[in-house]
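predicted model and sequence follow; I will ask about them next.
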Amino acid sequence: MSKTARIPNLGGACAFVLHRPHPTVQTITRQLSAIGLRVTDCWPELPPAVLSADFVFFDVDLGFDEQFPWRPGEAPMPLIALVGSEAPGRIEWALFSHKADAHLMKPVGNSGVYSSLLIARQSFEERKRLAAEIAALEARVAERQTIVRAVAALTRDGEHERGYAQLRSLAMGWQISVEEAARRVVAMADGKDSDEQSRRA
Amino acid sequence: MKRRVEIGILFSRSGNYRLVSEACRTGALTAIADINADPEGRVEFVPVERDPGGNADRYAAGCAEILRDSSARHIVGCVTSWSRKEAIPMLERDGGTLWYACPYEGFEANDHVVYMHACPNQQLVPLFAHVVPRFGVNGFLLGSNYIWGWETNRVARDLIADAGGEVRGERYLPLGETDVSRLIEEIRATRPDFVLNNLIGLSSYAFLKAYAELGREDAHFLPQRCPVVSCNLTECELPAIGEAGRGHLSAGPYFHDPAADGAGKHMPASSFEASAYASVRVLADILAGDPDMRWSELPSAFAGRTFATPFGATTIDPQTQHATLPVVIGEIDGMGFRTISRQEAVAPDPYLSRYDRARVFAQPRLRVVP
């Protein structure tokens, strides 16, 4: 049987609800407590302890950037937007600027919180995974020039293919990536150049 | 002077899970009769009944009718999770409360529902904790094709994985389907250690009969080697199953003990009957204080109180509105169950947020080799 992702156990997780005192907060708190989360509500600011939270619910109607102890879009946990007025500017703020991972419409009903937690967690993890993958790929792309220089340094008699093959076998021997090996080769070549230059000087 | 209070009754009197539904209805009506006969009681219940006829689409209408045409704000009813989910929007709209007397798959805590039967930490989890060390870890999962089977089997898959086992197969039949020959062949071929049966009604009876036949052909499939285990099988369905059920296991909050029936006193015949009885009993206790109590006041009415029900001293968690219940594992013995194990007062955990695999399956899943 294929292994599928498992519904996470949310017992003991911690959620902050950033909303002015309102029945909405009680409705959300009741559902979160029933699911087994610890809940802290706060307004107008998120306290320092929020950095250890597993989820943050935030009000879109009256929210503003300074409430968050992180730059817009860089929350270290999944965010769930509490949308009352569907004013496009507010949705833009929640979605594009703060990158909410899920949303709940106000007034919040007797259900909806559980699926918002699961959806937010899933899309947050996916976003984090993609960001890490993109960063790794960008780093590799940025090393293209280093590879070209390393191959040039290893090439004798104009045989670039043998230079590249040698780079790959060095990488294998050192048990590191081709990019990392290229950096070492370039550093060694640069060192030799500067030695020669200093001898000439 | 007793106050007359209308109370909704929403159970199907026909259809393929009729036996369960009738058991619930009997429990509710018996409790109403007992409460009305009690000279000390403060309320007299007047049942307002609708019969959805086993059709899931008629529960919402039945619920809406009760709330519209009578003063009843509390309804005892629904058997399948499908029908409960159909009724909920009506309850939310008109301010009603459903007293739900059947085991269900968990992951719900609606404040318009009081959950009076077991959720997974009170049936499936302890059932697996019992079965895995005795019979083995590889299961075959069966269900009727709707939410109870899907969700219960989803939790079962996770439990089997945690115990280090393998799901040998997972199959669903349409509600009411009685052709089980393919299931039987698949079970014969995959030789699991146990079969989790979430089929309901006629499908379940047909399966158990065919499985007994399989056991006669191949001793691996006798209940002492590879039992069929359930979280919703009770005495009320045994007449439809007959001898084919003998030796198989079920978990629930209550099994009928004939020895407990005293002179003139008859204990409920199954956990469905007991749960519906308990629902009406708790409701009477609460309404004795305030006959007009609304759904939003229930959590404070449950807080700190204990109610005398057929389950014993019962509390209801104000946060989730689920009952604290005993967990009994029973083995089918003729037309009743023999108690194999019993735990008292297991608090509800509908989202399995306190589930700890190391505690449920004491055997570690992976051993460190020194």
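Thanks, I have it. Owing to the predicted nature of the structure, the values given are computational and were not obtained by experimental measurement.

who in chain B is up against chain A?
B:88, B:92, B:107-112, B:154, B:158, B:161, B:166-167, B:319-320, B:349-355 (C-beta under 8 Å from any C-beta of the partner chain). The way it works is simple: take the backbone N, C-alpha and C, and place the C-beta from them, glycine included.

so the most centrally placed residue in chain A, which state does it fall into?
The structure's chain A has its C-alpha centroid closest to A:K128; by C-alpha atoms, centre = their mean the separation is 3.1 Å. Of the three states, A:K128 takes helix under DSSP: H, G, I helix; E, B strand; the rest coil.

can you name the residue of chain B nearest to chain A?
Per C-beta to the nearest C-beta, B:S353 is where chain B lies closest to chain A, at 2.5 Å.

surely that residue is in a helix?
No: looking at B:S353 with three-state DSSP, it is coil, so not inside a helix.

I figured it hits A:A34, correct?
No: counting by C-beta atoms under 8 Å, B:S353 stays clear of A:A34, with 9.0 Å between them.

within range of chain B, give me the residues from chain A.
So chain A meets chain B at A:1, A:6-7, A:9-12, A:30-31, A:33-37, A:109-111, A:114 (C-beta under 8 Å from any C-beta).

list buried residues within the residues you listed.
Those of the residues of chain A next to chain B that meet the buried threshold are A:9-11, A:30-31, A:34-37, A:110-111, A:114, by 16 or more other C-beta atoms under 10 Å in any protein chain shown.

now, these that are in helices?
Mapping these onto helices (DSSP state H) picks out A:30-31, A:34-35, A:114.

and the furthest pair within the buried ones among the residues of chain A next to chain B?
Between any two of these, the greatest separation by C-beta to C-beta is 22.4 Å, found for A:N9 and A:N110.

low-confidence ranges in chain A?
A:1-5, A:193-201 (pLDDT under 70).

which residue ranges of it form helices?
According to DSSP H, the helices that chain A contains are A:23-35, A:88-92, A:113-142, A:144-154, A:160-174, A:178-200.

most tightly packed of those?
helix A:23-35 (a mean of 20; mean count of other C-beta atoms under 10 Å in any protein chain shown).

for it, packing partners?
strand A:14-18, strand A:38-42, helix A:113-142 (3 or more C-beta pairs under 8 Å, 6 or more residues apart in numbering or on different chains; DSSP states H and E).

centre of the chain to the longest one, how far?
Here helix A:113-142 is found 5 Å from its chain centre; the criterion is C-alpha atoms, centre = their mean, to the nearest Å.

and that helix with helix A:144-154, angle?
30 degrees (axes from the mean of the first three to the mean of the last three C-alpha atoms, to 10 degrees).

check the first one too.
What separates the directions of strand A:14-18 and helix A:144-154 is an angle of 130 degrees, with the same axes, to 10 degrees.

tell me the strands beside strand A:14-18, with direction?
strand A:38-42 (parallel), strand A:55-59 (parallel) (DSSP bridges).

returning to what we had before: buried ones among the residues of chain B next to chain A?
B:88, B:92, B:107-112, B:154, B:158, B:161, B:167, B:319-320, B:349-353, B:355.

mind giving me the domain split of chain B?
For chain B, the structural domains run B:3-117+B:259-323, B:121-256+B:327-359, going by automatic domain parsing.

one step back: what's the closest of the ones in helices among the buried ones among the residues of chain A next to chain B to B:S279?
For these, the nearest to B:S279 is A:A34 (19.7 Å; C-beta to C-beta).

ok, the closest residue to that closest one other than its chain neighbours to A:P107 distance?
Using C-beta to C-beta, 6 or more residues apart in numbering or on different chains and skipping residues adjacent in sequence, the residue nearest A:A34 is B:A109, 3.8 Å away. Distance, B:A109 to A:P107, by C-beta to C-beta, to the nearest Å: 18 Å.

ok, now A:P78?
22 Å.

before we move on, what about B:E40?
43 Å.

of the two, which one has the most company?
A:P107 (10 against 6; other C-beta atoms under 10 Å in any protein chain shown).

distance of the closest residue to the more buried one other than its chain neighbours relative to chain B?
Distances taken as C-beta to C-beta, 6+ apart place A:T24 nearest to A:P107, at 6.4 Å, with adjacent residues excluded. To chain B, A:T24 is 15 Å away according to C-beta to the nearest C-beta, to the nearest Å.

pretty sure A:T24 is touching A:G109, no?
No: checked against C-beta under 8 Å, the pair A:T24 and A:G109 is beyond contact range at 10.6 Å.

can you list contacts of stretch A:88-105?
By C-beta atoms under 8 Å, 6 or more residues apart in numbering or on different chains, the residues outside stretch A:88-105 that reach it are A:28, A:57-58, A:60-61, A:63, A:65, A:68, A:72-73, A:75, A:78-84, A:112-113, A:116-117, A:119-121, A:123-124, A:127.

so for stretch B:171-190, mean pLDDT?
For stretch B:171-190, the mean pLDDT works out to 96.

and that stretch, how far apart are its ends?
Across stretch B:171-190, the terminal residues are separated by 13 Å (C-alpha to C-alpha, to the nearest Å).

for it, which positions count as buried?
Those would be B:171-173, B:175, B:177-178, B:180, B:183-184, B:186-187, for stretch B:171-190 by 16+ other C-beta under 10 Å.
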